[in-house]
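Undergrad: coordinates for the following, if possible.
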Amino acid sequence: MDLARTEVARPRRHAARLGLLTLPVAFFGVFFAYPVTAIVARGLHADGAWHFGRIWDVIGQPDIRHVLWFTTWQALASTALTLLVALPGAYVFARYDFPGKQVLRAVVTVPFVLPTVVVGTAFLALVGRGGLLDELWGLRLDTTVWAILLAHVFFNYAVVVRTVGGLWAQLDPRQEEAARMLGASRLKAWRQITLPALGPAVAAATLMVFLFTFTSFGVVQILGGPTFSTLEVEIYRQTSEIFDLATAAVLTLVQFAAVGAILAVHAWTVRRRETALRLVDASLTARRPRGAGQWALLAGVLVTIVVLLLLPLAVLVQRSLDAPGFAYYRELTSADGGAFLVPPIEAIGNSLEYAAVATAVAVLVGGLAAAALTRRDAGRFVRGFDALLMLPLGVSAVTVGFGFLIALDEPPLDLRASWILVPLAQALVGVPFVVRTMLPVLRAVDQRLREAAAVLGASPWRVWREVDLPMVRRALLIAAGFAFAVSLGEFGATVFIARPDNPTLPVAVAKLLGRAGELNYGQAMALSTILMVVCAVALLVLERLRTDRTGEF
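TA: Next up, the predicted model:
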């Protein structure tokens, strides 16, 4: 009888899983695929025909080939440098237990959730004209590729620490110790036991860092000047300055193809990491450092964090306080009728309101998608949609933002004048973080509990409410926190769609930096500092909620 009930319940669960995907598929179809397709079609379709020959015409231009070369080269260099700097940190966070570890883990994640425009601002205050290095040694790096590479390491350090360190902490150290007892050297035991196990995590981190640096926008826009341009920066220039939609459409397709290939490989590495290893409780593997070598390694990692991560943020705060009596902060309350129609301080309230709505949308859409993707034996369509959910992290946000303007301008989707466009664009970036945070936790729930509830007659909704939800409530809160933090920092799309009377914090910072004058520069530093503090507080709260198996991030 129980077997018959299980056989009857299985098609119901499959149908329920597809039903859960209805809203996520519709959301991504309307607010991602449709705008991107619309802007590509606007560039390549004219006079009733497609002009695919423009692709080769654009790629054949020497300046475009240079952009493609620089985009790829700097992404490879940034990825290699990030791995070199961050892997020791991943080991220290995974294997060592030391005072302040939880707080420091949150601190190293702050740069990752900061808007790239703020990251660029922090490094501008450190290595730009009048920056700390310029004042001390007359050294400027803001027009060199080194500023871009260092800012990318600053931004992506946490990706390696969390992705690789999170798995490293759950690898059983007794396997390596057994190999050493059998006569293997420390290096040989690590190379033959630990390194193969870490391979999928290192590959996943490498691909994610390459993805974020390949599509870099705010960092290159601020630090690269007119000399350096990535695909994303060039798409922005072609779209907003030259208004050459054909070239922008071709570059979007090139970036889309590259990002699709990267995400396909990333999905494979994630599946391999989930299925190939037997993991232990991370709390059992960390211990206090022993011996001079281990203390020296810990000290070296702490110095790296202070110099590379904390120093730019500290200089950012210091520059915001350069004027006496918090003058830059006070000036945020006045509107000069120039770049803003309202006082810049209102950008804080706007950003918080937009981010709250975006978080609600991202949690709803991402939560439904994660619930549908829980079973690893899901159909090909469901597995394919899992990979598609990551596309907004890599496809040009500039294309999405401009696509919103030209696609969502006719009934029943005439939303160009609506405030909802901004949180919808932000939610697109938040959904992948919700899915990647909740999915591993949902998959860790014992499937037999769900099957037992179904055998007893519980509907799929009741199974979710009474079995899954109590176990993933903490992960849901963390997913919401990450969605809120990244929504606050979204810049590429909102720079097109945020209205002048309702600017967001990143857009306000970019506008202030784009205007000459010490006052505008100081206000940009002040707004960036406020945003940094909000993100830091959010991450500290997340660390208090986190469990060892709470998602990839």
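
Undergrad: quick one: the closest residue to V103 other than its chain neighbours and P35, what's the gap?
TA: Excluding the flanking residues, the one nearest V103 by CB to CB, 6 or more residues apart in numbering is L540, at 6.9 Å. Bear in mind the C-beta positions are built from the backbone N, C-alpha and C, glycine included. Distance from L540 to P35, counting by CB to CB, to the nearest Å: 35 Å.

Undergrad: give me the more crowded residue out of those two.
TA: P35 (23 against 16; other CB atoms under 10 Å).

Undergrad: roughly how far does the more buried one sit from T504?
TA: Distance, P35 to T504, using CB to CB: 19 Å.

Undergrad: for T163, same thing?
TA: From T163 to T504 the distance is 28 Å (CB to CB).

Undergrad: more neighbours: these two, which one.
TA: Neighbour tally, T163 and T504, criterion other CB under 10 Å: the higher count belongs to T504, 29 against 26.

Undergrad: burial check on the nearest residue to the more buried one once chain neighbours are set aside, number of neighbours?
TA: Using CB to CB, 6+ apart and skipping residues adjacent in sequence, the residue nearest T504 is S351, 4.7 Å away. Number of residues near S351 (other CB under 10 Å) recorded here: 30.

Undergrad: spell out which helix or strand contains S351, please.
TA: helix 346-372 (DSSP states H and E).

Undergrad: state the mean pLDDT of that helix.
TA: Averaging pLDDT along helix 346-372 gives 88.

Undergrad: can you check stretch 50-66 too?
TA: The average pLDDT for stretch 50-66 rounds to 81.

Undergrad: now do stretch 114-129
TA: In this model, stretch 114-129 has a mean pLDDT of 78.

Undergrad: mind listing what's buried in that stretch?
TA: Buried positions in stretch 114-129, judged by neighbour count with 16 or more other CB atoms under 10 Å: 114-128.

Undergrad: kindly report the same for stretch 425-445.
TA: The neighbour-count check on stretch 425-445 (16+ other CB under 10 Å) flags 425-442 as buried.

Undergrad: local confidence estimate at D468?
TA: Per-residue pLDDT puts D468 at 67.

Undergrad: what of the one 3 residues further on?
TA: On pLDDT, M471 comes in at 66.

Undergrad: same question for G260.
TA: Taking G260 on its own, its pLDDT is 77.

Undergrad: got the contact list for it?
TA: Listed by CB atoms under 8 Å, 6 or more residues apart in numbering, the contact partners of G260 are L391.

Undergrad: which SSE is it in?
TA: helix 245-276.

Undergrad: select the longest helix from the protein.
TA: Assignment by DSSP state H gives helix 62-95 as the longest helix of the chain.

Undergrad: so how far is that helix from its chain's centroid?
TA: Centroid separation between helix 62-95 and its chain, computed with CA atoms, centre = their mean, to the nearest Å, is 15 Å.

Undergrad: helices and strands around it, which ones?
TA: helix 53-59, helix 101-113, helix 145-168, helix 195-214, helix 231-236, helix 245-276, helix 291-304 (3 or more CB pairs under 8 Å, 6 or more residues apart in numbering; DSSP states H and E).

Undergrad: can you redo those helices as TSV with distance to D322?
TA: Listed next are those as TSV, based on distance: least, CB to CB, whole Å:
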stretch	distance to D322
helix 53-59	45
helix 101-113	22
helix 145-168	21
helix 195-214	31
helix 231-236	29
helix 245-276	39
helix 291-304	27
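
Undergrad: please identify the deepest-packed of these.
TA: Comparing those by mean neighbour count (mean count of other CB atoms under 10 Å), helix 231-236 ranks first with a mean of 26.

Undergrad: so how many other residues sit close to P411?
TA: Other residues near P411 come to 5 when the count uses other CB under 10 Å.

Undergrad: for it, give its distance to V361.
TA: Using CB to CB, one gets 22 Å for the distance from P411 to V361.

Undergrad: so who does P312 touch?
TA: Applying CB under 8 Å, 6+ apart to P312 gives the contacts A122, F123, A125, L126, F154.

Undergrad: quick check: the nearest residue to it once chain neighbours are set aside vs P115, distance?
TA: In space, and not counting its chain neighbours, P312 is closest to A122: 4.0 Å by CB to CB, 6+ apart. To P115, A122 is 11 Å away according to CB to CB.
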